[in-house]
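In: generate coordinates for the sequence data below:
(chains A, B, C and D)
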Number of protein chains: 2
Amino acid sequence: MEAADTRQEILIQASRLFKRLGYRATTTREIAKAVNIKQPSLFHHFPNKKAIVEEIFSLSLNEAAVRIENACRTAGPASERLHQYLVWDLSTLHRMPIAMSAIYTGDALKSPELAELAEKLKTFYRSLEDLISQGIRSGEFVDIDPSLGRLMVASITIAHLEYAEEATIEDPDRLAREGADFVLRAFRKT
Amino acid sequence: MEAADTRQEILIQASRLFKRLGYRATTTREIAKAVNIKQPSLFHHFPNKKAIVEEIFSLSLNEAAVRIENACRTAGPASERLHQYLVWDLSTLHRMPIAMSAIYTGDALKSPELAELAEKLKTFYRSLEDLISQGIRSGEFVDIDPSLGRLMVASITIAHLEYAEEATIEDPDRLAREGADFVLRAFRKT
DNA sequence: TAGCTTCCCTATCAAATGATAGGGAGCAAA
DNA sequence: TTTGCTCCCTATCATTTGATAGGGAAGCTA
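Out: Next up, the predicted model:
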């Protein structure tokens, strides 16, 4: 196999395993087995296990971080901006073969060696909380602790990730829209 | 310390670690350190690591399973029954020192040695999905795949668990009610 | 062909992990 | 005091884990 293909396959399989089992609990042997290579061959493509999770994380988070920041700064009702962001996030999620969703912290970010990634994620979280706060201040959203709101948004994203794993999805865009609608109904005052 | 106290403390600390790191990734040494005993002393109270997670799981799940089954069989609007169940679940969660929420499967249930627990959880899930289906059929809820609905309910519960860990909660009952309201708004047709 | 690089392999290591063996301090009953 | 039990300890073990060393086959360039 081409090196680039193997590398990609490692990212795909590792992201699935990290998602299911968590970073610490996923062994390099399990990743290798899923990729159909032997364990030491992993280290031809990545210097260590940490580098794998870091790359997955960047792939998942970088664009999301830009988008949520834009959503914070754009004009218009917060509810619409949050909805738009969620539609993008969920539909991307359902399409990408590599997706830890970044938001899905699992255990990975609690280990000190990944503190740098954790910091990146916190910035993302702050933007998301900011957007929720905007909606609360404008009276669009129910009065909820923004950090709880952020956690619920993230957890619903995770629910979609898990759903994608066990169900076959015909229309990712429709599912993404429905997921965003679901979240927004929860946030909006009735 | 009394044996019973130590045992209880092991369950409390282990449940917190399992929640944060996952079952596989949590080491017996970490549990012991949190309890302030040495690692081999754990095995005076529990035959092995699996026995710890099993007991936490039973404590978390047994009553919840009974309650959700009752909620399925009771008369009245599904939305009210789901709401009632969630208020109980969340307020229990915020009070219990030992709580993996059971729903929070993490990785634990994916390892074959815990297949029995996984089966128990599946029964619980079926009841929850059943209740959601009732709400959809009666026209109270939006038309959503019940298994996705179940995942979202579970994930919001997890969000509350995480929230409870980082924020100080003054009024667990109010928080539980607000959490249940949040979920129900998402499910109900507008 | 010869030489070099790429990509995977087998063999192996040091550290970490779940679990066991066996001892000792405290305490209650006799 | 003696006996026995409880609860924790230190020391240790076999296995698993992330990572390294070094070789071999395939393919490209000259």
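In: from A:Arg29, how far off is A:Pro153?
Out: Careful, residue A:153 is Val and not Pro. The spacing between A:Val153 and A:Arg29, counted by C-beta to C-beta, to the nearest Å, is 35 Å. C-beta coordinates here come from the backbone N, C-alpha and C atoms, glycine included.
In: looking at the two, which is more packed in?
Out: A:Val153 (23 against 12; other C-beta atoms under 10 Å in any protein chain shown).
In: correct me, but the more buried one touches A:Val183?
Out: Yes - because the distance of 6.1 Å satisfies C-beta atoms under 8 Å, A:Val153 is recorded as touching A:Val183.
In: name the residues contacting each of the two.
Out: With C-beta atoms under 8 Å, 6 or more residues apart in numbering or on different chains applied, the overlap between the contact sets of A:Val153 and A:Val183 consists of A:Leu82, A:Leu86.
In: what does chain A put close to chain B?
Out: Residues of chain A found near chain B, taking C-beta under 8 Å from any C-beta of the partner chain as the criterion, are A:20-25, A:106-107, A:110, A:142, A:144-145, A:147-148, A:151-152, A:154-156, A:158-160, A:162-163, A:166-167, A:178, A:181-183, A:185-186, A:188, A:190.
In: which residues sit in contact with the most centrally placed residue in chain A?
Out: Centroid-nearest residue in chain A: A:Ser101, 1.6 Å away (criterion: C-alpha atoms, centre = their mean). With contact set as C-beta under 8 Å, 6+ apart, A:Ser101 has these partners: A:Lys19, A:Ser60, A:Leu93, A:Thr157, A:Ile158, A:Leu161.
In: one more time with 10 Å
Out: When contacts are counted by C-beta atoms under 10 Å, 6 or more residues apart in numbering or on different chains, A:Ser101 is found next to A:15, A:19, A:56-57, A:60-61, A:64, A:89-90, A:92-93, A:154, A:157-158, A:160-161.
In: one more: A:Arg174?
Out: Residues in contact with A:Arg174 (C-beta under 10 Å, 6+ apart) are A:Ser91.
In: now the helix or strand harbouring it against helix B:172-187, angle please.
Out: Taking DSSP states H and E as the criterion, the element that holds A:Arg174 is helix A:172-187. Counting by axes from the mean of the first three to the mean of the last three C-alpha atoms, to 10 degrees, helix A:172-187 lies at 140 degrees to helix B:172-187.
In: got the CA positions of helix A:172-187 in PDB?
Out: Included here for helix A:172-187 are C-alpha records, laid out as PDB according to Å, rounded to 0.1, in the frame of the first residue of the first chain:
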ATOM      1  CA  PRO A 172     -26.300  13.300   6.300                       C
ATOM      2  CA  ASP A 173     -27.600  16.800   5.500                       C
ATOM      3  CA  ARG A 174     -31.100  16.000   6.700                       C
ATOM      4  CA  LEU A 175     -29.800  14.400   9.800                       C
ATOM      5  CA  ALA A 176     -27.500  17.400  10.500                       C
ATOM      6  CA  ARG A 177     -30.500  19.700  10.100                       C
ATOM      7  CA  GLU A 178     -32.600  17.700  12.400                       C
ATOM      8  CA  GLY A 179     -29.900  17.500  15.000                       C
ATOM      9  CA  ALA A 180     -29.500  21.300  14.900                       C
ATOM     10  CA  ASP A 181     -33.200  21.800  15.100                       C
ATOM     11  CA  PHE A 182     -33.300  19.500  18.100                       C
ATOM     12  CA  VAL A 183     -30.700  21.500  19.900                       C
ATOM     13  CA  LEU A 184     -32.200  24.800  19.100                       C
ATOM     14  CA  ARG A 185     -35.600  23.800  20.200                       C
ATOM     15  CA  ALA A 186     -34.000  22.900  23.600                       C
ATOM     16  CA  PHE A 187     -32.400  26.300  23.800                       C
END
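In: may I see the buried residues of it?
Out: The neighbour-count criterion (16 or more other C-beta atoms under 10 Å in any protein chain shown) identifies A:172, A:175-187 as the buried residues of helix A:172-187.
In: could I get the average pLDDT for that helix?
Out: When pLDDT is averaged over helix A:172-187, the result is 96.
In: measure A:Ser111 to A:Val87 for me?
Out: Relative to A:Val87, A:Ser111 is positioned 33 Å away (C-beta to C-beta).
In: ok, A:Ala115 next?
Out: 32 Å.
In: ok, those two, which is more surrounded?
Out: Taking neighbours as other C-beta under 10 Å, A:Ala115 and A:Val87 compare with A:Val87 leading, 17 against 11.
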